[in-house]
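J.: sequence and predicted structure are below.
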Amino acid sequence: MTFELRLPQSAGNLRVCLASAGKLCMSLPPKNPARGRVKLWLDIVLLGSFLLVSAPQATGVTVHEWFSFPFVVILLLHLLLNWDWIVRVSASFFKRLRGEIRFSYLWNALLFMVTTVAFSSGLAISEAALPALGLAVKADPFWLVIHKVSANLLFPLIGIHLVLHWRWIVETVRKRRSKSTNQATAAS
Amino acid sequence: MNTIWRILVLLVAAILIWAVVRPLAQTKWAQSVRERARERLSIRVSSGVNSSGEPTQSTNEIVLSRRHPRNVPDGLRYVLPFVKELVMMGVPALAAYGILAFLRLQKRTGTRGRNSPENLA
């Protein structure tokens, strides 16, 4: 089994091909530690904002509704920062791919669907945010049920999502810690 | 430009998901959910007099009955929802972590399928 490495001419993607498997190639983006750090911090903020948004019993419905808008923006940033992964796995989903990555991809798609349902059903029953913007909606108990079910479903989905990306989380934290330790040693 | 395209793709995906879910509101299931909600929200309108003709205390009052009246201390009311969230997220996460660790261990030690008929033969 031989591998073929195509190095980028400029700052582009690294292409790794499995020569014995014909056209089985994978494009890897250059590793950027700063990007990893940004992603980690964004993920921490995203998790924190999710926990805050998902507790209307503690924060009140007004905070719950208004905070869901910045939460969606952070979620959007999370997806945009991981866009390369989404595209890469989408392109090679039906080719040879590790089962774990395929499962993770499907799980993430399910997570996106349930989040969309939770957010849009929340808009359909909005009591504070939309009326304040002049968009009064008639509360439908059906959407309330859908909102509750989808929001409750998000907890296990996110929990397992975290486990599926646990290696990356641990590696990024470890790198960050070792870097700060090195800096402290150099300073002393 | 790339970012705008990506946002548009996500937006279209979200709209498509909502377009699939939205017709659920017209189903019989949705109707039954609404019926149940109406039953729960019991509306009692008194006529102002009881059967013997005496005036009642509650005149034209609307009572919203809650199934679970809760007497939770103030402090806990702000903490418990977050505890619930952590439990709901943590328990499946731990279970998934255990399963993944087990699968990885099986893969590493090569014990997967050791007792399969092919191996036993």
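T.: On my side now, so go ahead. Nothing here was measured: the structure is a model prediction, and the numbers come from that model.
J.: residue numbers of chain A in contact with chain B?
T.: A:51, A:54-58, A:76, A:79-80, A:83, A:100, A:112-113, A:116-117, A:120-121, A:140-146, A:152, A:155-156, A:158-160, A:162-164, A:166 (CB under 8 Å from any CB of the partner chain). All C-beta atoms are positioned from the backbone trio N, CA, C, and that covers glycine.
J.: show me which of those are buried.
T.: Among the residues of chain A next to chain B, those scoring as buried are A:51, A:54-58, A:76, A:79-80, A:112-113, A:116-117, A:120-121, A:140-146, A:152, A:155-156, A:158-160, A:162-164 (criterion: 16 or more other CB atoms under 10 Å in any protein chain shown).
J.: in helices, which of the residues you listed fall?
T.: Per DSSP state H, helices hold the following members of those: A:51, A:56-58, A:76, A:79-80, A:112-113, A:116-117, A:120-121, A:141-146, A:152, A:155-156, A:158-160, A:162-164.
J.: name the helices or strands packed onto the host helix or strand of B:Leu105?
T.: Assigned by DSSP states H and E, B:Leu105 belongs to helix B:74-109. Packing contacts for helix B:74-109, counted by 3 or more CB pairs under 8 Å, 6 or more residues apart in numbering or on different chains; DSSP states H and E, involve helix A:33-53, helix A:56-59, helix A:141-164.
J.: so who does A:Leu52 touch?
T.: With contacts defined as CB atoms under 8 Å, 6 or more residues apart in numbering or on different chains, the neighbours of A:Leu52 are A:Thr59, A:Val63, A:Phe67.
J.: not including adjacent chain positions, what is the nearest residue to the last one?
T.: Right, the one you point to is A:Phe67. A:Val53 (5.0 Å; CB to CB, 6 or more residues apart in numbering or on different chains).
J.: A:Ser134: which element?
T.: That one is not Ser; residue A:134 is Gly. Applying DSSP H and E, one finds A:Gly134 in no helix or strand.
J.: that one: neighbour count?
T.: By other CB atoms under 10 Å in any protein chain shown, the residues close to A:Gly134 number 6.
J.: what does chain B put close to chain A?
T.: B:3, B:6-7, B:10, B:13-14, B:17-18, B:21, B:24-25, B:30, B:33-34, B:36-38, B:77-82, B:85-86, B:88-93, B:96-97, B:100.
J.: any of those residues buried? List them.
T.: B:6, B:10, B:14, B:17-18, B:21, B:25, B:30, B:33, B:80-82, B:85, B:88-89, B:92-93, B:96-97, B:100.
J.: how many neighbours does A:Ala184 have?
T.: 9.
J.: to clarify, my last question referred to A:Thr181.
T.: Neighbours of A:Thr181 using other CB under 10 Å come to 10.
J.: contacts for stretch A:97-105?
T.: Stretch A:97-105 has contacts (CB under 8 Å, 6+ apart) with A:Val89, A:Ser90, A:Phe93, A:Leu164, A:His165, B:Leu100.
J.: got the confidence number for residue 110?
T.: No chain specified, so I'll use chain A. On the pLDDT scale, A:Leu110 is placed at 97.
J.: nope, chain B
T.: 72.
J.: that's all I had, so thanks and see you.
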